[in-house]
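A.B. asks: Provided below for reference: sequence and predicted model.
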Amino acid sequence: MATTKRAAVKPLNTTPAGIRKASEAEKARKMASKKALHAAIDAEKQAAKPVKPTPIEPTPEELQAKRDAEHAAYLQALRVDAEALGVDPEAYIAEQLKPVKTIYNGPMLALKAARKTYVKAKNGIQCNGDDLAMICGEFSREVVVKALIRVLGLPGNPYSALNPGQQSMNLRNKARHALKNGLVTSTQIAAALQAASKE
């Protein structure tokens, strides 16, 4: 049996500084490779994105020309309508171009009418003049809010997100409802207002 002679194992001639240097070189190589890969991917994505054309703003002259063309087309359509109806085109066009006045018929008319009967309370604020309004009208809005929360037995101010005037108005409306249903009396409200004004 023939024996093979093995080469002697050579010891590594590396020092800790050499190992560190080789590790840093390998790290730098990997970082450069990653950076190049990401750059290639980004370039590929950019190339795949459709380029949106920058919208060109029309000049004032172009806008006016467009408006004029639209108006001319509208006038032509009115002429066609007049011919179809068998009426004078110029009179028909003049009638169609008259501005239409619309009359407001909404719920704010009732408020506008009601405001004519409003009276000024002692605190200087306009109110509808009912008993509750006159009782509350002797105190500031803050006192009214505090007293009505207390007399209505509310856990807190449900209208704290609103301004003081809106808070007072909404709480007075709640108090009117409670008065109507017999849950509170005017005397209780007056007493709560007096107590709140002294705090």
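C.D. replies: Yep, it's here. Numbering: from 1, shown residues only.
A.B. asks: residue ranges with poor pLDDT in the protein?
C.D. replies: Applying pLDDT under 70 to the chain flags residues 1-4, 7-14.
A.B. asks: Domain ranges for it, per the record?
C.D. replies: 61-97, 108-197 (automatic domain parsing).
A.B. asks: Tell me who's in contact with residue 121.
C.D. replies: The contact partners of residue 121, by CB atoms under 8 Å, 6 or more residues apart in numbering, come to 127, 133-134, 136-138. Backbone N, C-alpha and C define where each C-beta goes, glycine included.
A.B. asks: ok, now residue 169?
C.D. replies: If a contact means CB under 8 Å, 6+ apart, then residue 169 has no contacts.
A.B. asks: Next, find the distance separating it from residue 68.
C.D. replies: Distance, residue 169 to residue 68, by CB to CB, to the nearest Å: 52 Å.
A.B. asks: Quick check on the residue nearest the centre of the chain: phi, psi?
C.D. replies: Against the mean C-alpha coordinate of the chain, by CA atoms, centre = their mean, the closest residue is residue 161 at 16.0 Å. Residue 161 adopts backbone torsions of phi -80, psi -10, taken as degrees, to the nearest 10.
A.B. asks: mind checking how far it is from residue 170?
C.D. replies: 11 Å.
A.B. asks: what ranges do the helices span in the protein?
C.D. replies: With DSSP state H as the criterion, the chain has helices at 16-48, 60-85, 89-97, 108-115, 131-136, 141-151, 164-180, 186-197.
A.B. asks: looking at those helices, which is buried most?
C.D. replies: helix 141-151 (a mean of 21; mean count of other CB atoms under 10 Å).
A.B. asks: starting at the chain centroid, how far to that helix?
C.D. replies: 31 Å (CA atoms, centre = their mean, to the nearest Å).
A.B. asks: Check stretch 22-30 too.
C.D. replies: In terms of CA atoms, centre = their mean, the centre of stretch 22-30 is set 54 Å apart from its chain centre.
A.B. asks: for stretch 132-140, same thing?
C.D. replies: 36 Å.
A.B. asks: How far does that stretch stretch from one end to the other?
C.D. replies: End-to-end distance of stretch 132-140: 14 Å, with CA to CA, to the nearest Å as the criterion.
A.B. asks: just stretch 89-106 next, same as before
C.D. replies: End to end - CA to CA - stretch 89-106 spans 37 Å.
A.B. asks: can you list contacts of that stretch?
C.D. replies: 75, 78-79, 81-83, 85.
A.B. asks: Export those to TSV and append columns for distance to residue 15.
C.D. replies: Below are the contacts of stretch 89-106 laid out as TSV (distance: CB to CB, whole Å):
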residue	distance to residue 15
75	96
78	98
79	100
81	100
82	104
83	105
85	106
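A.B. asks: of those, closest to residue 199?
C.D. replies: residue 78 (71.1 Å; CB to CB).
A.B. asks: give the contact list for the closest one.
C.D. replies: Residue 78 makes contact with 89, 92-93, 96, according to CB under 8 Å, 6+ apart.
A.B. asks: Before I go, just wanted to say thanks for your time.
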